[in-house]
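1. Sequence and computational prediction follow.
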Amino acid sequence: MAKSVYINGRWSDGADDWFEKTNPATGETSWDGQASSPEQVADATRAAREAQSAWARRPQHDRTTILERYAEEITKRSDDIATAISNDMGKTAWEAKGEAGAMAAKVGISIKAQVERAGTSYSEAAFGSMHLTHRPHGVMAVFGPFNFPGHLPNGHIVPALLAGNTCVFKPSELAPSVAHVMADAFAAAGLPDGVLNIVQGGRDTGAALLDGDINGLLFTGSAQTGLFFHKHFAGRPEVILALEMGGNNPLIVWDPADVDSAADIAAQSAFLTTGQRCSCARRVILPTGKWGDQVVEAIVERAKKLKIGDASEEDAFMGPLVSEQAAQNATDFQMMLSKKGGKSLRRLKRMDRGGGFVTAGVIDVTDANDIPDDELFGPLMQIIRVDDFDEAILRANDTRYGLSGGLVSDNDALWLRVHAEMKAGILNRNRPTAGASGAMPFGGPGLSGNFRPGAYYAADYCAWPQASQVSDEATRLGAIGFPK
Ligand code: NAD
Ligand code: SIN
């Protein structure tokens, strides 16, 4: 049985409902324990509160050094991290190792970002000097999603700690194991007790954390949950909310010379991580006519042939979806599209090997009606054929979301239009929509977030600016009309 509450550097058993996670590739139990109770969540928050002012008072250099040591400890544990992630949510070995690498790399990126975006500055003025500094918010609740259960919460926790906040982290209940390895790495790096606390569990545990004594909520997850949190904190401007949500991302493919490259970019955009990336392309928009037909055929060919397997199969491109339920949701979504007039070009199907395994699907929805503007978090590409480029941009922007998007084309003029007109925070040309750089901001308009982009800009929401005018002596101001 797994321990599920980490407070002041010690793990203990949870005291609420039992929950377990099974590996969607093998059906084996990967995590089994009791959720943290509301009292335990309150204890975790209290520990974070008690540790916060001492942590914030330490010189920046100390916090930076501890985080640098954490990066080293993460690197030492990269195999354990990859195994924990693959066992819980089925990620292929190469991707899980990549996630561990991204967690270590996050530290250097965050240190640079903090200096650049949330550091200190000084300038001389007639009265003396002006100082800009940044202050931590206090206690941050961090909610993680299952698809990058290490990398994405780590992307909130590292900048939050660097800035002098303390954290209470609630991992996704669909991928709880990696948090244990993270706790070990932080402890080995010398992070003081209470600076990072962890509570395991689902919505009830999350709800207790929302109602706790927190100064900020750093969230990566679905739009549905993010909207719920946004409403929950309405009227509480003193609580900083950073909401990183999903997308219904478009990719326009328009006449590049090389059909195979176009199909590669589109298929990788849609099927990477079994479609379980927020930045995956969901809608691929192509011109009507022969050239568009060729690209669609090449995409379908790739969907048929890409290798699907578990973490022991080194050459697998896609693993399973996170759970059997997710596999069922994906087939249901496809069925719904078919009922609305979508024409299946390659069906997303549950595979004989069971669990979360599904094949990659491609469905042409050009003539379908009432397609919901929803994110299906799985490997299903919707094809939309249009007669001209104006319509392509209109269809691309026909979404409440705005996370990622792209253009595959050799035509510079079309790229200039897309760059100016497409509504997406991550907007690429001749590159997959997924696979963002940690050295850039990550987020987008609409239902994809609340304009608090993460990754390189996470430093912005982890601290607030304090501007000071400083004169060493109190002197008379001599304002006009003021008594001498
Ligand atoms: P989710 O919203 O279901 O869960 C995220 C976290 O919120 C989990 O820890 C969950 O327990 C918690 N939670 C959910 N409902 C809650 C409630 N009512 N009260 C308290 N806590 C609650 O997301 P998920 O399914 O784990 O992740 C996939 C989603 O995340 C996709 O929509 C994807 O697009 C999005 N995502 C966004 C980004 C980004 O940076 N924009 C990155 C990765 C994933
Ligand atoms: C994600 O956060 O889901 C994916 C980020 C990316 O790879 O673009």
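-> Right, received. Where do you want to start? From a predicted model like this one, the values you see are computed outputs, not experimental measurements. Numbering: from 1, shown residues only. Ligands and ions are numbered 1, 2, ... in the order given.
2. so which helix or strand takes in Pro465?
-> Using DSSP states H and E, Pro465 sits in strand 463-470.
3. Rounded mean pLDDT for that strand, please.
-> When pLDDT is averaged over strand 463-470, the result is 98.
4. Which residues belonging to it are considered buried?
-> Neighbour-count burial for strand 463-470, with 16 or more other CB atoms under 10 Å as criterion, is recorded at Ala463. C-beta coordinates here come from the backbone N, C-alpha and C atoms, glycine included.
5. And for that strand, what's in contact with it?
-> The contact list for strand 463-470 (CB atoms under 8 Å, 6 or more residues apart in numbering) reads 114, 118, 125, 127-137, 163-165, 240.
6. Return the list of strands paired to that strand, each annotated with direction.
-> Using DSSP bridges, the strands paired with strand 463-470 in its sheet are strand 128-136 (antiparallel).
7. C-terminal to the strand it pairs with, what's the next element?
-> Proceeding C-terminally, strand 128-136 gives way to strand 139-143 as the next helix or strand, assigned by DSSP H and E.
8. where do the helices sit along the stretch 351-484 of the chain?
-> 389-396, 412-421, 458-461 (DSSP state H, counting those that start in this stretch).
9. who touches the first one?
-> Which is helix 389-396. Residues external to helix 389-396 that are found in contact with it (CB under 8 Å, 6+ apart): 250, 252, 254, 283, 285, 287, 384, 386, 405, 414, 417-418, 421-422.
10. list the buried ones in it?
-> Residues of helix 389-396 classed as buried: Phe389, Ala392, Ile393, Arg395, Ala396 (neighbour count, 16+ other CB under 10 Å).
11. Phe233: neighbouring residues, count only.
-> 17 (other CB atoms under 10 Å).
12. For it, report the pLDDT, please.
-> 98.
13. which residue sits closest to it, ignoring its sequence neighbours?
-> Val239 (5.2 Å; CB to CB, 6 or more residues apart in numbering).
14. need the residues of the stretch 101-250 of the chain near ligand 1, please.
-> 143-148, 152, 170, 172-173, 202-203, 206-207, 220-222, 225, 228, 244-246 (CB under 6 Å from any ligand atom).
15. now the stretch 351-484 of the chain
-> Glu375, Phe377, Leu403, Phe442, Gly454.
16. which of those has the most neighbours?
-> Using other CB under 10 Å as the contact criterion, the top neighbour count among those goes to Leu403, which has 31 neighbours.
17. Quick one: name the residues of this structure near ligand 2.
-> Contact residues, the chain versus ligand 2 (CB under 6 Å from any ligand atom): Asn147, Phe148, Leu152, Arg277, Cys278, Ser279, Ala434, Gly435, Ala436.
18. May I ask which of those residues has the most neighbours?
-> Ranked by neighbour count (other CB under 10 Å), the residues of the chain next to ligand 2 have Cys278 at the top, with 32 neighbours.
19. Just list the residues touching the residue nearest to that residue when sequence neighbours are not counted, thanks.
-> The shortest distance from Cys278 to any non-neighbouring residue, by CB to CB, 6+ apart, is to Gly246 (5.2 Å). Gly246 makes contact with Ser222, Ala223, Cys278, Glu375, Phe377, Tyr401, Leu403, Leu447, Ser448 under the criterion CB under 8 Å, 6+ apart.
20. hmm, 7 Å instead?
-> Contact partners of Gly246, counting by CB atoms under 7 Å, 6 or more residues apart in numbering, are Ser222, Ala223, Cys278, Glu375, Tyr401, Leu403, Ser448.
21. State the pLDDT value of the residue in the stretch 351-484 of the chain that ligand 2 sits nearest to.
-> Of all residues in the stretch 351-484 of the chain, the one sitting closest to ligand 2 is Ala436 (3.4 Å; CB to the nearest ligand atom). Ala436 carries a pLDDT value of 96.
22. Quick check: of the residues of the stretch 351-484 of the chain next to ligand 1, which lies closest to Pro38?
-> Taking CB to CB as the measure, Gly454 is the one of those closest to Pro38, at 28.2 Å.
23. so the closest one sits right up against Glu244, yeah?
-> Yes - Gly454 is in contact with Glu244 according to CB atoms under 7 Å; the separation is 5.3 Å.
24. Buried among the contacts of strand 463-470? Make that a ChimeraX selection.
-> Per 16+ other CB under 10 Å, the buried members of the contacts of strand 463-470 correspond to this ChimeraX selection:
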select :114,118,134,136,137,163,164,165,240
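25. can you give me the strands in the stretch 251-400 of the chain?
-> Here the stretch 251-400 of the chain has its strands, by DSSP state E, counting those that start in this stretch, at 281-287, 343-346, 361-364, 380-386.
26. How about the lengthiest helix in the chain, which residues are buried there?
-> Using DSSP state H to assign secondary structure, the helix with the most residues in the chain is helix 93-118. Of the residues in helix 93-118, 93, 95-107, 109-111, 113-114, 117-118 count as buried by neighbour count, 16+ other CB under 10 Å.
27. Let me have the contacts of Gly246 in CSV, adding pLDDT as columns.
-> Supplementary listing: these in CSV, determined by pLDDT from 0 to 100:
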residue, pLDDT
Ser222, 98
Ala223, 98
Cys278, 98
Glu375, 98
Tyr401, 98
Leu403, 98
Ser448, 98
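28. Find the one among the strands of the stretch 251-400 of the chain with the highest mean neighbour count.
-> Per-residue neighbour counts averaged over each of the strands of the stretch 251-400 of the chain give the maximum for strand 281-287, namely a mean of 26 (mean count of other CB atoms under 10 Å).
29. What pairs with it, parallel or antiparallel?
-> Neighbouring strands of strand 281-287 in its sheet, by DSSP bridges, are strand 249-253 (parallel), strand 380-386 (parallel).
30. count of neighbours near Lys307?
-> Other residues near Lys307 number 11, with proximity taken as other CB under 10 Å.
31. quick one: which of the contacts of helix 389-396 is nearest Ala42?
-> Relative to Ala42, the closest of the contacts of helix 389-396 is Gly405; by CB to CB it sits at 42.2 Å.
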